[in-house]
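Participant: just to be clear, the model below is a prediction. Sequence and coordinates:
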Amino acid sequence: MSEPVVDRQQITLFDQRPFFERALVHGVQSGVIDRDRLTSIVNDGAKGLLQIADFFGTQYLRPNIEEARTRIISLVSLFLEESSSGDLDQAARSLRDNSFLSHSRGGSEMLKKLWAMPEDASYGILAKPPQKEFLAEWSLRSLRDYRQELAQRQDHQLSISATLWFAKRLALPAADLSTVAVDSVVRSALLVHLHGKEPLAIPTASGLLQILDAIREKGVPGKGRRLLADLLRELPESYLPVAQRELRRIETEDLPRIADRSRPLPQLLQELEPLYYLRDFGPEDAGLFEAAACADWQRITAGKTDDSSLLTVFVCLAADIPAKPVLGRAAARALIVKARRDGFKRLPVLGFIHALAPYSMQDDLETLWKEFFPEAHTVLLDAADTTLTDALDFLRENCNVV
């Protein structure tokens, strides 16, 4: 009986060695890398290892040396596998023709470019970890993690660029968009075109209410469809997926709610306002939200106004769990675990504040959250805190954990 045939790709799938090691062994076995080249790689690796150990700690402590070895192999593997698309022959030739340290620098440059890209879909980043801290974490991550994060950040960059195009089209200064969720700007731009009433401009809260009322009464007018079609024809092709994504949300989620007459307009405004970017929100607009929002704010915060209770509500929202002004120890641990797995997000809290908080409190609450978030993000997501001790202590000091 003949032996089953297993191709090289199938074997590679089960090979858990770093890609650099696989490429090196392949190069030596195939004759691509000779003894002199192998000696050069070993010598360069020793130099690079000490440089990385010194950069992230000290070159004299054994644990730092061991960690630096892992880092430099990870950086070289990252660059090699990405640049060769996983082809061992091509990777071996790269090791033959280029210095080992150039591969390490290549991996480092990939991570620096990743760090420079936007972390979320907002224009203007409030909390960005120091580059050294970012490199410390990501020099130990896999190529799969890198590619996933790169795709996500490229999508954020595309959304921001598309938003700036829409903002310019509607004469909205880029400076006004600092820390704004950019999807909300695109959504507002599309809705005002669908409304079909000129001049086309980002609405105020009262303007949004008028748009909702008009669409509820008469539906989306033909003129609005034509204006939107003209807009999308002028839109650069690379930005079209961003606009189409938001348009689908409007048509599948917002328009059915607008048409539902069982929803009073004030309630509808409260539901949709966080999803749209509004202009010149002031006291005259606040009354549109205040009455409808008051009951929900009181229910979620249990009427608490102290910083600890409010920050407890905020961290729940940032971790995407039901908001409470007090957490038990087990719930706090679960929050930290979920945040590390799924992320700890700044924007949902800002949306909650703008949608439900009493208008007179919004500025102070936003300042409270913006000042708290950077440290919370760092401490709660610190992978080195494997027992969650530091994270729990942080929550006890700043929130209500009983």
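Facilitator: Looks like it arrived, so ask away. Keep in mind it's a predicted model, so treat the numbers as computed, not measured.
Participant: switch to C-alpha atoms for all contacts and neighbour counts from now on
Facilitator: Noted.
Participant: what comes into contact with stretch 382-392?
Facilitator: Here stretch 382-392 makes contact (C-alpha atoms under 8 Å, 6 or more residues apart in numbering) with 332, 333, 336, 379, 380.
Participant: can you lay out those residues as CSV showing neighbour count?
Facilitator: Listed next are the contacts of stretch 382-392 as CSV, based on neighbours: other C-alpha atoms under 10 Å:
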residue, neighbour count
332, 24
333, 18
336, 24
379, 20
380, 23
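Participant: out of those residues, which sit inside helices?
Facilitator: Among those, the ones falling in helices (DSSP state H) are 332, 333, 336, 379, 380.
Participant: what about the second one, distance to residue 380?
Facilitator: It refers to residue 333. Remark: distance between residue 333 and residue 380 (C-alpha to C-alpha, to the nearest Å) = 10 Å.
Participant: which is the next helix or strand following the helix or strand of the chain with the lowest mean pLDDT?
Facilitator: In the chain, no helix or strand scores lower on mean pLDDT, DSSP states H and E than helix 8-13, which sits at a mean of 44. Of the helices and strands lying after helix 8-13 in sequence (DSSP states H and E), the nearest is helix 19-30.
Participant: so how far is that following helix from its chain's centroid?
Facilitator: 36 Å (C-alpha atoms, centre = their mean, to the nearest Å).
Participant: put the alpha carbons of that helix into CSV.
Facilitator: The C-alpha coordinates for helix 19-30 follow below in CSV (Å, rounded to 0.1, in the frame of the first residue of the first chain):
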residue,chain,number,x,y,z
PHE,A,19,9.4,31.7,10.8
PHE,A,20,13.0,32.9,11.0
GLU,A,21,14.1,29.5,12.3
ARG,A,22,12.2,27.6,9.7
ALA,A,23,13.7,29.9,6.9
LEU,A,24,17.2,29.5,8.3
VAL,A,25,17.0,25.7,8.5
HIS,A,26,15.5,25.6,5.1
GLY,A,27,18.3,27.8,3.7
VAL,A,28,21.1,25.7,5.2
GLN,A,29,19.5,22.4,4.1
SER,A,30,19.0,23.6,0.6
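Participant: name the element residue 297 belongs to?
Facilitator: Going by DSSP H and E, residue 297 is part of helix 283-301.
Participant: just give me the residue right at the centre of this protein.
Facilitator: In the chain, the residue lying closest to the centroid (C-alpha atoms, centre = their mean) is residue 120, at 3.5 Å.
Participant: between the contacts of stretch 382-392, which is closest to residue 350?
Facilitator: residue 380 (19.0 Å; C-alpha to C-alpha).
Participant: what's near enough to touch the closest one?
Facilitator: Per C-alpha under 8 Å, 6+ apart, neighbours of residue 380: 336, 339, 340, 390, 391, 394.
Participant: in contact with the residue lying closest to the residue nearest to the centre of the chain once chain neighbours are set aside, which residues are there?
Facilitator: Closest residue to residue 120 apart from its sequence neighbours, by C-alpha to C-alpha, 6 or more residues apart in numbering: residue 156 at 5.8 Å. Going by C-alpha under 8 Å, 6+ apart, residue 156 touches 118, 119, 120, 121, 122.
Participant: what pLDDT does the last one get?
Facilitator: Per-residue confidence at residue 122 stands at 75 (pLDDT).
Participant: torsion angles phi and psi at it?
Facilitator: phi -130, psi 150 (degrees, to the nearest 10).
Participant: ok, the closest residue to it other than its chain neighbours - how many residues close by?
Facilitator: In space, residue 122 comes closest to residue 181 once its chain neighbours are excluded; the distance is 4.4 Å by C-alpha to C-alpha, 6+ apart. Residues near residue 181, counting by other C-alpha atoms under 10 Å, number 25.
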